[in-house]
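Visitor: Give me the fold of what follows.
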Amino acid sequence: FQVKSENRKTIWNTEEVPEGSEFDDTWDPREQPEYQILFKQCVGTEDVFFGMSRKDPSTACCEDMVIKIKLPETKYSDITLDIQDRVLDLRTTKKKLLLHLPYRVDSKNGKARFLSEEETLEVTLRVSRKFDFINF
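Guide: Numbering: from 1, shown residues only. Predicted coordinates:
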């Protein structure tokens, strides 16, 4: 098995570079905010009482990923959010978060809401895995 290199002088192949690395800026002085990744799944009575589906409490059976980001002293208008298939890029005047997501997500159909009382941005993204049609 031999991989053909596009150019003999390159030190890595383009497939080896992680997705979202173009957003990474090591010289940016803004600090990273506190964040939390939670997983959410829809269950019904057939799951809870009868155990009719193959769902379990693991992240493999969760449909949504919820990312809660603490942004103290931030206004909603100061937030810039960019979602790619495997990357969440958040920037404010004081904070910056480049988060490589544990699963591929549907970047076109997400929801974000800013809870001003808690100073938290809550981003809900649908997880898209290759074989979800078998699991659900």
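Visitor: hey, let's count contacts and neighbours off CA atoms from now on
Guide: Noted.
Visitor: So which residues of this structure form strands?
Guide: 35-40, 64-70, 80-83, 87-91, 96-100, 111-115, 120-126 (DSSP state E).
Visitor: quick check: angle from the last one to strand 64-70?
Guide: To tie it back to what came earlier, the one meant is strand 120-126. 160 degrees (axes from the mean of the first three to the mean of the last three Cα atoms, to 10 degrees).
Visitor: cool, and the first one?
Guide: Strand 35-40 runs at 160 degrees relative to strand 64-70, counting by the same axes, to 10 degrees.
Visitor: circling back to that earlier point, of all the strands of the chain, which lies closest to Glu16?
Guide: strand 96-100 (15.1 Å; Cα to Cα).
Visitor: Tell me where this protein is predicted with low confidence.
Guide: 1-8, 12, 14, 17-26, 43-61, 131-136 (pLDDT under 70).
Visitor: circling back to that earlier point, TSV please, covering the strands of the chain and showing distance to Trp27 and mean neighbour count.
Guide: Below are the strands of the chain laid out as TSV (distance: least, Cα to Cα, whole Å; neighbours: other Cα atoms under 10 Å):
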stretch	distance to Trp27	mean neighbour count
strand 35-40	21	15
strand 64-70	22	20
strand 80-83	19	14
strand 87-91	14	18
strand 96-100	12	18
strand 111-115	28	14
strand 120-126	25	20
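Visitor: Any chance of TSV for these, columns distance to Glu15?
Guide: Below are the strands of the chain laid out as TSV (distance: least, Cα to Cα, whole Å):
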stretch	distance to Glu15
strand 35-40	27
strand 64-70	26
strand 80-83	20
strand 87-91	16
strand 96-100	16
strand 111-115	30
strand 120-126	25
